[in-house]
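Trainee: Provide a 3D model corresponding to the input given below.
(4 chains)
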Number of protein chains: 2
Amino acid sequence: MARPPLARERVLDAYEQILVSEGERAATLEAVAKAAGVSKGGLLYHFAAKEDLSTGLLQRLDALVTEDVELMKQAPEGPIAYYVRTSVMEGDALDRAITAASRLAQGGQADAVVALREMRMLWETTLRPAVRDETALQLVMLLSDGLYYNNALDGTGDLSTPTPRDGALEKLIELVERTVT
Amino acid sequence: MARPPLARERVLDAYEQILVSEGERAATLEAVAKAAGVSKGGLLYHFAAKEDLSTGLLQRLDALVTEDVELMKQAPEGPIAYYVRTSVMEGDALDRAITAASRLAQGGQADAVVALREMRMLWETTLRPAVRDETALQLVMLLSDGLYYNNALDGTGDLSTPTPRDGALEKLIELVERTVT
DNA sequence: GTCTATATAGCGATAGAC
DNA sequence: GTCTATCGCTATATAGAC
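Mentor: Residues are numbered from 1 along each chain as shown, chains lettered A, B, ... in the order given. Model (predicted):
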């Protein structure tokens, strides 16, 4: 990992942020360069082609997912409650990476689809020992997918989304726990 | 409704299909025109600007959703089983329209986001009388969202998706019915 | 390592013939 | 109602100065 150049990370942050808030089409080299505070040429020194930008983003996603799975295994409230709770996005690094990857996947980028599928399978494997059977597992997985999808629909970060929060979220977690364990 | 021109419908079909299978970026006027079997000029006679294409698509979605809600109200198996079952995409007209609108929404198109939110609210209102409480309603809605999202991820129509089908789907519906009623 | 300048291609949209 | 030709703009990518 030996300390990647700062500018490189800033560019990747900018790319991710534009993908989330304005979509794939808006994430042009010029827009990303401007948001990162470099020139187009400067950007292309770090990422020779546009494809390298998405590759970098998917690698970052991978690392964050690995971390998250460890946290999930050790969560005091248990993996299910942890999983459902953290499926409501708070805008942290993992949330941003997932949403950005989702934009690329919907744009037809095959490697993004693969990365998201693998992420999902890793979660599935981690949750399996904590649920009653496969049907219960599917219910938890799909519910989480639904939470992510709803939040990802608008990247503007407004809170008028139909996502349950606070009290409603706690009740939902309770119901899910009762249903799947 | 007085019989819209055939070419117009063919163009709209082509636009929808490319959005679903290749994403927003691939749905250029030229690609749509070619798939519809007309020239760029011919396309632009029916849809003066590209925005009109997405408007036409969202109107089509609206009509299909209205039909579907009626079917859901009258479903012999009850609205919940109907809703969960039909959330697994079979590639019918409504499925295609929803996925296409989802691509536009993820591309940052505000009117597509609104159309999808309104669709969801209509479903929510229709299902409310059939469930125990608001928490149960949220569980059903989110599960359905998850099913749609998973299928929409790759528009290639392959069946290697993690979506439950046949036996697994029936068991899931059973579990959901038991949980929310 | 970052910049400006530029090449090349493809986009949405217009004009006008048929 | 559909076509071809073309305009103006913007996208990705390259070249070469600093």
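Trainee: name the element A:Ala33 belongs to?
Mentor: Here A:Ala33 sits within helix A:29-36, counting by DSSP states H and E.
Trainee: buried residues, that helix. List them.
Mentor: A:29, A:32-33, A:35-36 (16 or more other C-beta atoms under 10 Å in any protein chain shown). In this view, the C-beta of every residue, glycine as well, is placed from N, C-alpha and C.
Trainee: where does the residue lying farthest from the centre of chain A fall, phi/psi-wise?
Mentor: Seen from the C-alpha centroid of chain A, the residue lying at the greatest distance (C-alpha atoms, centre = their mean) is A:Gly41, 29.0 Å away. The phi and psi values for A:Gly41, taken as degrees, to the nearest 10, are phi -60, psi -40.
Trainee: in chain A, what spans have low per-residue confidence?
Mentor: In the predicted model of chain A, residues A:1-4, A:157-160 satisfy pLDDT under 70.
Trainee: got the residue ranges for the helices in chain A?
Mentor: A:6-22, A:29-36, A:40-46, A:50-74, A:79-87, A:93-106, A:110-127, A:134-153, A:166-180 (DSSP state H).
Trainee: and the first one, does that touch chain B?
Mentor: Yes: Helix A:6-22 lies in contact with chain B when judged by C-beta under 8 Å from any C-beta of the partner chain; the contacting residues are A:Glu22.
Trainee: before we move on, what about the fourth one?
Mentor: No: counting by C-beta under 8 Å from any C-beta, chain B has no neighbours in helix A:50-74; the shortest distance is 11.6 Å.
Trainee: got the buried residues for that helix?
Mentor: Neighbour counts over helix A:50-74 (16+ other C-beta under 10 Å) mark A:53-54, A:56-58, A:60-62, A:64-65, A:68-69, A:72 as buried.
Trainee: and which of these is nearest to B:Thr163?
Mentor: A:Val65 (21.1 Å; C-beta to C-beta).
Trainee: gap between that closest one and B:Gly155?
Mentor: Distance from A:Val65 to B:Gly155, counting by C-beta to C-beta, to the nearest Å: 24 Å.
Trainee: quick revisit: and the buried residues of helix A:29-36 near DNA strand C, which?
Mentor: Among the buried residues of helix A:29-36, the ones lying near DNA strand C by C-beta under 7 Å from any atom of the strand are A:Ala33.
Trainee: with distance to DNA strand D added, can I get the buried residues of helix A:29-36 in CSV?
Mentor: Shown next, in CSV, are those (distance: C-beta to the nearest atom of the strand, whole Å):
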residue, distance to DNA strand D
A:Leu29, 4
A:Val32, 8
A:Ala33, 9
A:Ala35, 13
A:Ala36, 13
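Trainee: A:Ser102: what's it in contact with?
Mentor: Shown in contact with A:Ser102 (C-beta atoms under 8 Å, 6 or more residues apart in numbering or on different chains): A:112, A:116, A:148, A:152, B:106.
Trainee: thinking again about what came up before, can you put the helices of chain A in a markdown table and add distance to B:Arg96?
Mentor: Formatted as a markdown table, those follow (distance: least, C-beta to C-beta, whole Å):
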| stretch | distance to B:Arg96 |
| --- | --- |
| helix A:6-22 | 25 |
| helix A:29-36 | 31 |
| helix A:40-46 | 37 |
| helix A:50-74 | 26 |
| helix A:79-87 | 27 |
| helix A:93-106 | 15 |
| helix A:110-127 | 18 |
| helix A:134-153 | 18 |
| helix A:166-180 | 31 |
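Trainee: right, so of the ones you listed, which gets closest to B:Ile173?
Mentor: Comparing the helices of chain A by their distance to B:Ile173 (C-beta to C-beta), the top pick is helix A:134-153, with 9.7 Å.
Trainee: and A:Ser144, how many neighbours?
Mentor: 24 (other C-beta atoms under 10 Å in any protein chain shown).
Trainee: my bad, A:Leu143
Mentor: Number of residues near A:Leu143 (other C-beta under 10 Å) recorded here: 27.
Trainee: ditto for A:Arg178
Mentor: With neighbours defined by other C-beta under 10 Å, the count for A:Arg178 comes to 9.
Trainee: in chain A, which residue is most central in space?
Mentor: For chain A, counting by C-alpha atoms, centre = their mean, the most central residue is A:Ile98, which lies 1.8 Å from the centre.
Trainee: which residues touch that one?
Mentor: Residues in contact with A:Ile98, defined by C-beta under 8 Å, 6+ apart, are A:61, A:116, A:119, A:148, A:152.
Trainee: and A:Tyr15, by the same measure?
Mentor: By C-beta under 8 Å, 6+ apart, the neighbours of A:Tyr15 are A:27, A:32, A:36, A:53, A:57, A:100.
Trainee: how near is it to chain B?
Mentor: Relative to chain B, A:Tyr15 is positioned 15 Å away (C-beta to the nearest C-beta, to the nearest Å).
Trainee: separation between that residue and A:Ala112?
Mentor: Distance check for A:Tyr15 against A:Ala112: by C-beta to C-beta, it reads 13 Å.
Trainee: can you check A:Arg103 too?
Mentor: Here A:Arg103 is placed at a distance of 8 Å from A:Ala112 (C-beta to C-beta).
Trainee: which one of the two has more residues nearby?
Mentor: Each of A:Arg103 and A:Ala112 has its neighbours counted (other C-beta under 10 Å); A:Arg103 has more, 30 against 23.
Trainee: check the gap between that one and B:Ala75 for me.
Mentor: Between A:Arg103 and B:Ala75 the computed distance is 35 Å (C-beta to C-beta).
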